[in-house]
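Peer 1: Predicted model and sequence follow; I will ask about them next.
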Amino acid sequence: MREGGERLPDTLELAVEAAKKEALARIRERYEGEDALDYHNTRHTEKVVRRASAILAAIYTADRSILDERRLRLGAFAAAWHDVIQDCQINEAADGAFTRRTRKCFTGANEVASAEEAIRYMREEGGGTFRPEDEEIIRQVILATVPAADFKEGTMVQANLTPESDVLARAVALADLGCAGMDGPEEFVREGNAVFREDAIDIRDALRSSESISREQKDFFVKRMLAWSRVQEKFAAGRKALFEAELEGLPEEARRAVRPLFSKFDESIAGAGAKTAEREAMTFEELVSDFGYLR
């Protein structure tokens, strides 16, 4: 303690803060350069850390029998490192008169690689702060964020998340897909735009090219942008529909503490629908600007 009773940060707290900075630095160096990723970047990671920290703090306050300060900090560590690897490939496929070029990231393999890199950091740079059992927790948490499509609900889920998953895995997984429930419509639409831009690189390349874009190609791009926008409302509704099931495994006190953090589903659903209605009347130039391509 300092004079006046102010608490000095402990060794683990300092180690986790250093680890978070290192994870962000690696993401920035790898994915925010010339061929930057629009979604899997430091902004996404910082948001996941913020949301996971809020979820874990609520659980910690409600029920300290399942979460102590050490594990609270490990949760923030895992959130920071969950996407440090985002290896992808470019796919090309004929689509009518045009060739669709999209980015496909190696889902599953990237999370495994991110977990291994996080554990390597703990061993080599942790200064002996981290324990062997911490490594297994970090691995479980990061692997719980592997996304998968839920075609019934029209949304994304994390198939590795089960009622038996560790509370840290549950918190970080909820945070990773938590935008619609926690952040509301403006951020939900912005995040959806970023996901689309990261995938639809042929639109980006056409806008950067010195060659003019034909009327037919503009129509091709508009069709895809509107199709994406139309599914966002269902995506948010699907996240809401699955939310209670994703709380399974937490004691009721902890569930009651987490629920208020996810109060913005309905706003996000309505906001996504309103944004689509607005976009239906937009020109190609207005749409690409609204999707964030020209910023």
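Peer 2: That came through, no problem.

Peer 1: now residue 284, nearest residue through space, not along the chain?
Peer 2: The shortest distance from residue 284 to any residue other than its chain neighbours is 4.1 Å, reached at residue 218 (CB to CB, 6 or more residues apart in numbering). Glycine gets a C-beta too; all of them are placed from N, C-alpha and C.

Peer 1: Tell me which residues of the helix or strand containing that neighbour come out buried.
Peer 2: Residue 218 is located in helix 215-246, with elements delineated by DSSP states H and E. In terms of neighbour count (16 or more other CB atoms under 10 Å), helix 215-246 has its buried residues at 217-218, 220-222, 224-225, 228-229, 232-243, 246.

Peer 1: what pLDDT, on average, does the very next helix or strand once past it get?
Peer 2: Sequence-wise, the next helix or strand downstream of helix 215-246 (DSSP H and E) is helix 252-258. Averaging the model's pLDDT scores along helix 252-258 yields 97.

Peer 1: which helices and strands sit right next to helix 252-258?
Peer 2: Counting by 3 or more CB pairs under 8 Å, 6 or more residues apart in numbering; DSSP states H and E, the packing neighbours recorded for helix 252-258 are helix 42-62.

Peer 1: For the very next helix or strand once past the helix it packs on, what is the distance to the chain centroid?
Peer 2: Tracing the chain past helix 42-62, the next element assigned as helix or strand by DSSP H and E is helix 69-81. On the basis of CA atoms, centre = their mean, to the nearest Å, the separation between the geometric centre of helix 69-81 and that of its chain is 16 Å.

Peer 1: buried set for the following helix or strand past helix 69-81?
Peer 2: For helix 69-81, the succeeding helix or strand toward the C-terminus, using DSSP H and E, is strand 88-95. Along strand 88-95, these residues count as buried under the neighbour rule (16+ other CB under 10 Å): residue 88.

Peer 1: Please apply the same query to stretch 275-284.
Peer 2: 275, 276, 279, 282, 284.

Peer 1: now stretch 95-102
Peer 2: With the criterion 16+ other CB under 10 Å, stretch 95-102 contains buried residues 100, 101, 102.

Peer 1: Then stretch 132-149?
Peer 2: Buried residues in stretch 132-149, counting neighbours by 16+ other CB under 10 Å, are found at 134-135, 137-147.

Peer 1: Tell me, how many residues neighbour the residue lying closest to residue 232 once chain neighbours are set aside?
Peer 2: Nearest non-adjacent residue to residue 232, counting by CB to CB, 6+ apart: residue 272, 4.1 Å away. Counted with other CB atoms under 10 Å, the burial measure for residue 272 works out to 24 neighbours.

Peer 1: Name the nearest residue to the most centrally placed residue in the chain, ignoring sequence neighbours.
Peer 2: The C-alpha lying nearest the average C-alpha coordinate of the chain belongs to residue 176 (CA atoms, centre = their mean; 4.0 Å). Using CB to CB, 6+ apart and skipping residues adjacent in sequence, the residue nearest residue 176 is residue 145, 4.8 Å away.

Peer 1: which SS class is the one you found?
Peer 2: Here residue 145 is coil, with the state taken from DSSP: H, G, I helix; E, B strand; the rest coil.

Peer 1: Please apply the same query to the one 4 residues further on.
Peer 2: Secondary structure assignment for residue 149 (three-state DSSP): strand.

Peer 1: Quick check: it touching residue 159?
Peer 2: No. Proximity of residue 149 to residue 159 does not meet the contact threshold set by CB atoms under 8 Å, at 9.7 Å.

Peer 1: Tabulate the buried residues of stretch 275-284 (a markdown table), appending distance to residue 83, secondary structure and pLDDT.
Peer 2: Conversion of the buried residues of stretch 275-284 to a markdown table gives the following (distance: CB to CB, whole Å; DSSP: H, G, I helix; E, B strand; the rest coil; pLDDT from 0 to 100):
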| residue | distance to residue 83 | secondary structure | pLDDT |
| --- | --- | --- | --- |
| 275 | 26 | helix | 98 |
| 276 | 28 | helix | 98 |
| 279 | 28 | helix | 98 |
| 282 | 31 | coil | 98 |
| 284 | 32 | helix | 97 |
